[in-house]
Structure formats: structure tokens, C-alpha cells
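> Here's my sequence, what's the structure:
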Amino acid sequence: MKKLIPIVIVGLVVLCGLQAVAAPLDLAESKLNTWKILQQEQSFFPDDLDQSQELMNWIGPVGSGPLWGYANYIIAQSFTPTKNLLTRVEIMVGKNATTTYDITLTIRDDLHGADLATLSLPASAIVTENFSWTEFDVSDLVVTPGATYYIVASTANVTENWYIWALYMNGSSYMNGTIYYSVDDEVTWTEEPGGDLTFRTYGSDATMLNLTIAGGLGVSVNAKNVGGINAVNVVTTVTIQGGIFGLINATVDGNISLLMPAELQTVKGMPLGLGPLSVVATTRADNAEEVTKTADGFILLFFVIIK
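Below is the predicted model:
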């Protein structure tokens with residue numbers, strides 16, 4: 001079985017500009033201190049740190065490098081959220097000087113499953129021959145507290161295009177997950193127990209919204225908070241199109257800073273026309289997934305019948 005550990009340590013030797021010799025087992029002996037951990041820029045976000053593993057003494061390759069036979073490494077860290085909305089992820093990462101392709105981070109609930117959220121950063125966004133906590137501000141994702149999810153890092157399978165994701169290998173320091181890797185373009189994944197990659201996940205408590213579309217005098221759209229906590233910064237957009245010769249083309253927006261459980265936000269459009277029309281309504285909040293609903297109807301001057 002091909003193991004990650006010896007490859008990881010050989011990677012240390014390469015990054016430090018050394019000859020490939022018998023690999024040491026710890027950070028200090030590998031002379032990785034020639035790579036510094038650079039200070040992270042601080043930003044304010046209205047979310048909370050949920051899961052994390054911040055210790056580092058070894059490294060994990062992402063991409064194709066010479067001392068692991070140019071195998072294309074894709075690596076992953078599993079984690080178990082306690083918040084039900086994942087807002088962003090940070091990993092401690094650096095790149096080789098020859099790297100030019102994006103690094104892509106995805107969130108999955110199954111290593112062989114679909115990407116639930118994904119974001120690519122250009123090579124220029126990652127420090128060269130140093131390490132830094134790097135933020136991946138993925139689209140907000142509703143997750144199930146207590147379930148297992150995976151942070152997966154990959155890059156283009158191009159020679160000498162590789163990143164390094166810092167990790168800790170002296171026993172598992174994060175009890176709710178572990179490392180996995182693939183060297184065959186994700187056909188198979190291998191677990192690497194006894195260690196964890198560096199990561200931070202952020203989140204908040206989430207709620208749910210739903211939409212109803214009604215006719216009458218104009219078009220009325222109700223966005224309702226059907227969850228158990230307040231919805232923050234709710235934005236609802238209604239687009240109405242149709243009528244004879246397509247003369248109706250109107251968009252109406254509604255904004256509310258706080259929508260309590262069971263409360264409604266009503267957005268009303270008053271088109272004027274005659275003939276068939278279509279309505280597309282979308283609502284979202286800082287702590288709720290976007291919801292879209294469509295409806296067809298008929299307008300007679302101001303009066304709208306929704307099918």
C-alpha cells in the first residue's frame with residue numbers, strides 16, 4: 001500500500017531546497033523552519049469558528065511533484081460540524097515556486113459524491129515557499145450537525161504544479177475526522193489514520209425560508225421564516241414577465257434586516273397589461289439557503305390570476 005507519510009516528508013526536503021536524503025520524522029529536523037508561517041490578515045465576519053485543527057509538524061502534497069513520482073495527489077480532511085450552516089473554510093497552505101494553476105477546495109458529504117460547495121483560488125493568492133492560513137469563502141452551505149463532511153483540495157495534474165497543505169502526524173489531534181488521499185484521480189481513496197490536516201471551519205445557526213406566490217390586484221410574494229431562529233438580512237426578488245408582445249418586464253425587491261420565526265416578508269408587484277405572464281421569486285438570508293419558486297398566470301389590466 002502506498003503511504004502518505006514518506007511522501008510527505010520527502011516533500012519537506014524538496015521545499016527546503018535540500019537533496020533527497022533519509023527523511024527525518026519531525027519538523028525541526030527536516031529544516032522546514034526555512035519556511036515561515038506568515039501572518040494572516042484579519043477580517044470581520046458575523047460567523048463563529050466551529051471546527052479546527054491548527055497544529056503542524058508535517059506536510060501533505062497537493063498535485064504532481066518529482067519525489068513522489070509525479071503522482072497527482074488529492075488530499076482531504078474529514079470533519080463533523082456542530083453548526084448547521086457552513087460559511088467558510090481556512091487551511092494552512094503554501095505553494096512551490098513553479099506552481100501556476102489554481103488550487104480548488106470542495107466540500108462533500110461523501111468522498112465519491114458530488115461537490116456541495118466549491119471554490120478555486122489562483123496560484124497568486126497562495127504564498128510561495130512559506131505557509132499561511134488561506135480563506136476559501138465558499139457559498140453558504142446547510143449541513144447536518146453530527147454528520148461527516150470532507151474538505152478536499154486539488155489542483156491541475158500538471159508537472160511541477162503542486163501545493164503543500166500543512167498537517168499534524170504525532171497522533172490524531174482532531175478527534176472528529178482524519179486524513180484521506182487519492183493518487184488515481186479519485187477512483188480510490190485511502191485513509192491515513194493518526195494525523196489531521198490543518199483547517200478551520202466557520203458557521204452559524206441556520207434557518208429555512210419558503211415562498212408563496214399569489215394573484216389578485218397585482219402579484220404578491222410571501223417569504224416566510226419556517227425555521228426556529230431569526231433570519232438575518234432577508235432579500236426577496238420578484239421578476240414578472242409576459243403580457244401581449246412581452247410588454248411586461250418588471251422586477252421588485254424587498255429587504256428586511258430581521259425576520260423572526262413564522263413571520264412573513266411580503267413583496268408586491270403591480271404590473272399593468274393583458275395576457276399570460278410568468279413570475280420568478282427568489283429569497284435568501286445570511287443564514288438561510290436561497291429558495292426560488294416560479295408560477296404562471298394571466299393578467300387582465302391590474303388583476304392577476306395565478307395558475
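> going forward, measure contacts between C-alpha atoms and count neighbours the same way
Will do.
> what's the residue nearest to T106 when sequence neighbours are not counted in contact with, if anything?
Nearest non-adjacent residue to T106, counting by C-alpha to C-alpha, 6 or more residues apart in numbering: T118, 4.2 Å away. Taking C-alpha atoms under 8 Å, 6 or more residues apart in numbering, we find T118 in contact with T104, L105, T106, I107, V138, S139.
> Let me have those residues in TSV, extended by secondary structure and pLDDT.
Formatted as TSV, the contacts of T118 follow (DSSP: H, G, I helix; E, B strand; the rest coil; pLDDT from 0 to 100):
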residue	secondary structure	pLDDT
T104	strand	98
L105	strand	98
T106	strand	98
I107	strand	98
V138	coil	95
S139	coil	89
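> which among the residues you listed gets closest to T207?
Taking C-alpha to C-alpha as the measure, T207 sits nearest to S139 out of these, at 15.7 Å.
> and the closest residue to the closest one other than its chain neighbours, how many neighbours?
Distance criterion C-alpha to C-alpha, 6+ apart; nearest residue to S139, sequence neighbours excluded, is A117 at 6.3 Å. Using other C-alpha atoms under 10 Å, A117 has 17 other residues around it.
> what is A117 paired to in the beta sheet?
With DSSP bridges applied, A117 shows beta-bridge pairing to I107.
> Quick check: pLDDT value at the closest residue to G65 other than its chain neighbours.
Spatial nearest neighbour of G65, excluding adjacent residues (C-alpha to C-alpha, 6+ apart): E160 at 5.4 Å. We have a pLDDT of 91 for E160.
> and what of G69?
80.
> Also M169?
We have a pLDDT of 87 for M169.
> Could you give the separation of stretch 227-246 from the chain centroid?
Centre-to-centre, stretch 227-246 and its host chain are 25 Å apart (C-alpha atoms, centre = their mean, to the nearest Å).
> Let me fix that, I meant to ask about stretch 76-84.
Per C-alpha atoms, centre = their mean, the centroid offset for stretch 76-84 relative to its chain is 12 Å.
> Just the residues contacting it, thanks.
50-51, 142-153, 176-181, 196-197, 203-206.
> In that stretch, which residues are buried?
Neighbour-count burial for stretch 76-84, with 16 or more other C-alpha atoms under 10 Å as criterion, is recorded at A76, Q77, S78, F79, T80, P81, T82, K83, N84.
> how long is that stretch from one end to the other?
Across its full length, stretch 76-84 reaches 21 Å between end residues, using C-alpha to C-alpha, to the nearest Å.
> Contacts only, for the residue positioned nearest the centre of the chain.
Centroid check for the chain by C-alpha atoms, centre = their mean gives V138 as the closest residue, at 3.1 Å. By C-alpha under 8 Å, 6+ apart, the contact set of V138 is T87, R88, V89, A117, T118, L119.
> next one: V235
Contacts of V235 were listed using C-alpha under 8 Å, 6+ apart, and they are D253, G254, N255, I256, T283, R284, A285.
> Quick check: the gap between G65 and S124.
Taken as C-alpha to C-alpha, the span from G65 to S124 is 19 Å.
> Same question for Y180.
Taken as C-alpha to C-alpha, the span from Y180 to S124 is 26 Å.
> Among these two, which residue is more densely surrounded?
Comparing Y180 with S124 by other C-alpha under 10 Å, the one with more neighbours is Y180, at 23 against 12.
> dump the residue contacts of that one.
Contacts for Y180 (C-alpha under 8 Å, 6+ apart) come out as I75, A76, Q77, S78, W189, T190, E191, E192.
> Give me the distance between stretch 80-88 and the centre of its chain.
Taking C-alpha atoms, centre = their mean, one finds the center of stretch 80-88 at 10 Å from the center of the full chain.
> and if you look at stretch 155-174?
Stretch 155-174 sits 18 Å away from the centroid of its parent chain (C-alpha atoms, centre = their mean).
> Now do the buried residues in it.
Across stretch 155-174, burial judged by 16+ other C-alpha under 10 Å covers 155-158, 160-169, 172-174.
> before we move on, what about stretch 269-286?
Buried residues in stretch 269-286 (16+ other C-alpha under 10 Å): 269-271, 273-286.
> Sitting in helices, which of the contacts of Y180 do you find?
Assigned to helices by DSSP state H, none of the contacts of Y180 qualify.
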